[in-house]
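[1] sequence below, structure please.
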Amino acid sequence: MTATVLCPTCQKTVVWSDVSPFRPFCSERCKLIDLGDWAAENHRIADKSSIDPELSEQFLAELEQEMQAADNRFFKD
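    Numbering: from 1, shown residues only. Now for the predicted structure:
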């Protein structure tokens, strides 16, 4: 029994073997379309971590203070 998959781009059936060099895509064209979608950020891997906006703002404020203090120490020396 030969395994088959659907092309992620056009949904055409693709044989999963050496006879399909672009697998899981049916052709180089479909492969390049998918690559272009990733490059254009049309496809993304979901970030499963939840971000607390207040915590993020607090973290950025603290980081900015630390960098400002480091700059001040640099120019004093």
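
[2] what about residue 20, how many neighbours?
    17 (other CB atoms under 10 Å). Every residue, glycine included, has its C-beta placed from N, CA and C.

[3] repeat that for residue 59.
    If we define neighbours as other CB under 10 Å, then residue 59 has 12 of them.

[4] host element of it?
    Per DSSP states H and E, residue 59 falls inside helix 53-76.

[5] what residues does that helix touch?
    Helix 53-76 is touched from outside by no residue, with contacts defined as CB atoms under 8 Å, 6 or more residues apart in numbering.

[6] run the chain-centre distance for it.
    Offset of helix 53-76 from its chain centre (CA atoms, centre = their mean, to the nearest Å): 29 Å.

[7] cool, and stretch 36-49?
    Once both centres are worked out by CA atoms, centre = their mean, stretch 36-49 turns out to sit 4 Å from its chain's centre.

[8] can you give me the end-to-end distance of it?
    Start-to-end span of stretch 36-49 (CA to CA, to the nearest Å) is 27 Å.

[9] which residues are contacting it?
    residue 34.

[10] what mean pLDDT does it have?
    Average pLDDT, stretch 36-49: 84.

[11] tell me which residues in it are buried?
    By neighbour count with 16 or more other CB atoms under 10 Å, stretch 36-49 contains no buried residues.

[12] flag the shaky bits of this structure, pLDDT-wise.
    The chain contains residues with pLDDT under 70 at 51-54, 77.

[13] gap between residue 39 and residue 23?
    According to CB to CB, to the nearest Å, residue 39 and residue 23 sit 21 Å apart.

[14] still on that earlier bit, can I get the helix holding residue 59 as CSV, trimmed to CA atoms?
    Once non-C-alpha atoms are left out, helix 53-76 reads as follows in CSV (Å, rounded to 0.1, in the frame of the first residue of the first chain):
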residue,chain,number,x,y,z
PRO,A,53,0.0,43.3,28.9
GLU,A,54,0.5,45.0,32.3
LEU,A,55,3.4,42.7,33.0
SER,A,56,4.9,43.4,29.6
GLU,A,57,4.7,47.1,30.1
GLN,A,58,6.2,46.8,33.5
PHE,A,59,9.0,44.7,32.2
LEU,A,60,9.8,47.1,29.4
ALA,A,61,9.8,50.1,31.9
GLU,A,62,12.2,48.3,34.2
LEU,A,63,14.4,47.3,31.2
GLU,A,64,14.5,50.9,30.0
GLN,A,65,15.5,52.1,33.5
GLU,A,66,18.3,49.6,33.7
MET,A,67,19.6,50.6,30.3
GLN,A,68,19.4,54.3,31.2
ALA,A,69,21.3,53.6,34.4
ALA,A,70,24.0,51.7,32.4
ASP,A,71,24.3,54.7,30.0
ASN,A,72,24.7,57.1,32.9
ARG,A,73,27.4,54.9,34.4
PHE,A,74,29.2,54.7,31.1
PHE,A,75,29.3,58.4,30.6
LYS,A,76,30.4,59.1,34.1
